[in-house]
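[1] Pasted the sequence and its predicted model underneath.
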There are 2 protein chains.
Amino acid sequence: MTYCLAIRVETGILFASDTRTNAGVDYVTSYRKLHVFRPAEDRIFTLLTAGNLATTRQLLDTIDRDLRRAPNGESLLSCQQVFEAADYLGRISVQIQDQHRKALAQSGVSGDVTLILGGQIRGSAPDLVLIYPQGNYIGTSEETPYLQIGETKYGKPILDRLAKSHLSLEAAARLALVSLDATIRSNVTVGLPFDFALYETDSLGWPLETRIEAQSTYYQNVSRTWQAGFENMFAGLTPFPVGAPR
Amino acid sequence: MTYCLAIRVETGILFASDTRTNAGVDYVTSYRKLHVFRPAEDRIFTLLTAGNLATTRQLLDTIDRDLRRAPNGESLLSCQQVFEAADYLGRISVQIQDQHRKALAQSGVSGDVTLILGGQIRGSAPDLVLIYPQGNYIGTSEETPYLQIGETKYGKPILDRLAKSHLSLEAAARLALVSLDATIRSNVTVGLPFDFALYETDSLGWPLETRIEAQSTYYQNVSRTWQAGFENMFAGLTPFPVGAPR
């Protein structure tokens, strides 16, 4: 499975993903799910992918092919705003899924992919959207500044508690790590290493990337501190009012 | 929706549930999902229910009818061990679902119910099982001393961190409250009041019951302390190694 998330804060956008891929439980491999495109100096896009690995591969190849064909036809270079890029990716995604739908359905397999696209084009603000397998998309809001795809539920409670627009990019990365850590504890098909990319608003440059490996002392330290913090917090709660009047 | 859980600890079994029921988002009501049966002095059962409300009602009615018919036929009085009661409930459940399956399928509705049954019959140890809609069941283990039904994912990470067999019944109740609190923050179709029942091993008596209402000062205190604890823990983590070498 997969867990990817992005958090939009006032100073930029944080992207994070795991790298675990599985076809059944006996074919587990590691794939990059965080992809950065900077086809020109005036634009930068980061794409997170969850779902069918073959659809994802064909989608990435199609994006590249369309960029090579530019300025002929539609591509990440032809769009004027991030939402147009989302619309373009949504259409490619649906097209690829349609191409394989019949054959996949015969094997009981879904070709669906769900995407998170964030980026900025000079002249407009950064934007962050989630593109559904059906090709339409949603954005973030002031109250819900994050988007998630894949195995989203285990890592959601901590985001609901702590994800706020005023976080720094560094704090957003720290929060994403904690959300990923919660997920891998409850679902073995999400796994390390984790990829992070921090995009600073108006930089229009390559985002700062960090890969956190399983043996990372930083990760192990965070994971241990977090677990110990839970144990302390729990021990400090007022005892439950056993048998109190209903 | 629903979220129910039970934790088996060395000194007994803790049961907890929310009370929110919804048929769509515009018909939300409150129903009890925690049911205690003590048909004789030598046996006690606590049942948690998730799923179709009509199937649940007919299941409860059938349990009562079979108890009134005892000692004729099968009932909670005829079984010698808790697993036999689980098997009996599983069969009733499948039977009721089968009765309504065709009509419900025509409306695109599922009649499924999933149950947690815990209890004790004199002469054997307490037992705790989860009964699937298909009528079969699973138990707990030393490593995973809890069972969940309904909207299980949001409340699972905290159980994976803190649910241990050596917890006291009081601590298990406190942990269940925290798990319920995490769930209602992320899913509005799970809601207060919460019902708790604490069964002490070998008491064979009625479990100690507590209902926690939304306005409960204990709940509000726990919920606030927990949220503040998260904020402190998060603020105390070492900053993320932004742009460190991959």
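    Cool, got the structure.

[2] what helix or strand does A:Tyr88 sit in?
    helix A:82-106 (DSSP states H and E).

[3] The very next helix or strand once past that helix packs against which elements?
    Under the assignment DSSP H and E, the closest C-terminal helix or strand after helix A:82-106 is strand A:113-121. Secondary-structure packing of strand A:113-121 (3 or more Cβ pairs under 8 Å, 6 or more residues apart in numbering or on different chains; DSSP states H and E): strand A:3-9, strand A:12-17, strand A:43-51, helix A:53-69, helix A:82-106, strand A:127-131, strand A:146-150, strand A:194-200. Heads up, the C-betas are built off the backbone N, CA and C, glycines and all.

[4] In the fifth one, which residues are buried?
    Neighbour-count burial for helix A:82-106, with 16 or more other Cβ atoms under 10 Å in any protein chain shown as criterion, is recorded at A:82, A:85-90, A:92-94, A:96-97, A:104.

[5] out of those residues, which touch chain B?
    Here nothing survives when those are matched to chain B using Cβ under 8 Å from any Cβ of the partner chain.

[6] Give the full set of residues in contact with the nearest residue to A:Glu213 once chain neighbours are set aside.
    Once flanking residues are discounted, A:Glu213 sits nearest to A:Pro193: 4.7 Å by Cβ to Cβ, 6 or more residues apart in numbering or on different chains. Contact partners of A:Pro193, counting by Cβ atoms under 8 Å, 6 or more residues apart in numbering or on different chains, are A:Asp18, A:Thr19, A:Ser30, A:Arg211, A:Ile212, A:Glu213, A:Ala214.

[7] cool, and A:Val129?
    Counting by Cβ under 8 Å, 6+ apart, A:Val129 has contacts A:Val82, A:Phe83, A:Ala86, A:Ile116, A:Leu117, A:Gly118, A:Tyr137, A:Ile138, A:Gly139, A:Leu147.

[8] which SSE is the residue lying closest to A:Leu60 once chain neighbours are set aside in?
    Closest residue in space to A:Leu60, ignoring its immediate chain neighbours: A:His35 at 6.4 Å, by Cβ to Cβ, 6+ apart. Assigned by DSSP H and E, A:His35 belongs to strand A:34-40.

[9] From the contact counts, what lies against that strand?
    Right, strand A:34-40 is packed against strand A:12-17, strand A:43-51, helix A:53-69, strand A:194-200 by 3+ Cβ pairs under 8 Å, 6+ apart.

[10] least trustworthy helix or strand in chain A by mean pLDDT?
    Here the helix or strand of chain A ranked lowest by mean pLDDT, DSSP states H and E is strand A:28-30, holding a mean of 65.

[11] Tell me which residue of chain A lies closest to chain B.
    The nearest approach of chain A to chain B comes at A:Lys153, 3.5 Å away (Cβ to the nearest Cβ).

[12] what kind of secondary structure is the residue nearest to that residue when sequence neighbours are not counted in?
    Computed as Cβ to Cβ, 6+ apart, the closest residue to A:Lys153 that is not its neighbour in sequence is B:Lys153, at 3.5 Å. Three-state assignment for B:Lys153 (DSSP: H, G, I helix; E, B strand; the rest coil): coil.

[13] what pLDDT does B:Lys153 get?
    Model confidence at B:Lys153, given as pLDDT, is 91.

[14] Confirm for me that it is in contact with A:Gly155.
    No - here B:Lys153 does not reach A:Gly155: they are 9.8 Å apart, not a contact under Cβ atoms under 8 Å.

[15] Tell me which of the two has more neighbours.
    A count of neighbours by other Cβ atoms under 10 Å in any protein chain shown puts A:Gly155 above the other of B:Lys153 and A:Gly155, at 30 against 22.

[16] What number of residues are in the vicinity of the nearest residue to the more buried one once chain neighbours are set aside?
    Distances taken as Cβ to Cβ, 6+ apart place A:Ser179 nearest to A:Gly155, at 3.7 Å, with adjacent residues excluded. Using other Cβ under 10 Å, the number of residues around A:Ser179 comes to 25.

[17] before we move on, what about the one 5 residues further on?
    One way to gauge burial is a neighbour count; for A:Ile184, by other Cβ under 10 Å, it gives 21.

[18] OK, contacts around the closest residue to it other than its chain neighbours?
    Distance criterion Cβ to Cβ, 6+ apart; nearest residue to A:Ile184, sequence neighbours excluded, is A:Val190 at 5.1 Å. Counting by Cβ under 8 Å, 6+ apart, A:Val190 makes contact with A:Met1, A:Thr2, A:Tyr3, A:Asp18, A:Arg20, A:Gly150, A:Glu151, A:Leu180, A:Thr183, A:Ile184.

[19] rerun at 6 Å
    A:Met1, A:Tyr3, A:Asp18, A:Arg20, A:Glu151, A:Thr183, A:Ile184 (Cβ atoms under 6 Å, 6 or more residues apart in numbering or on different chains).

[20] For it, give me the pLDDT.
    With respect to pLDDT, A:Val190 scores 79.

[21] quick check, it in a helix?
    No - the assignment for A:Val190 (three-state DSSP) gives coil, which keeps it out of a helix.

[22] which intervals of chain A have sub-threshold pLDDT?
    Applying pLDDT under 70 to chain A picks out residues A:22-30, A:244-246.

[23] Any residues of it in contact with chain B? List them.
    A:153-154, A:156-157, A:160-162, A:170, A:173-174, A:182, A:185-186, A:198, A:208, A:210-211, A:218, A:222, A:229-230, A:233-234, A:237, A:239-244, A:246 (Cβ under 6 Å from any Cβ of the partner chain).

[24] follow-up on the earlier one: a markdown table for the helices and strands packed on strand A:113-121, including distance to B:Thr56?
    Compiled in a markdown table, these are given as follows (distance: least, Cβ to Cβ, whole Å):
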| stretch | distance to B:Thr56 |
| --- | --- |
| strand A:3-9 | 33 |
| strand A:12-17 | 40 |
| strand A:43-51 | 35 |
| helix A:53-69 | 40 |
| helix A:82-106 | 35 |
| strand A:127-131 | 35 |
| strand A:146-150 | 32 |
| strand A:194-200 | 42 |
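
[25] rewinding a little: just the ones in strands from the residues of chain A next to chain B, please.
    The strands, defined by DSSP state E, take in A:Leu198, A:Leu208, A:Thr210, A:Arg211 from the residues of chain A next to chain B.

[26] quick one, what contacts the nearest residue to the third one once chain neighbours are set aside?
    So the one you mean is A:Thr210. Distance criterion Cβ to Cβ, 6+ apart; nearest residue to A:Thr210, sequence neighbours excluded, is A:Phe196 at 4.5 Å. A:Phe196 makes contact with A:Ala16, A:Ala173, A:Thr210 under the criterion Cβ under 6 Å, 6+ apart.
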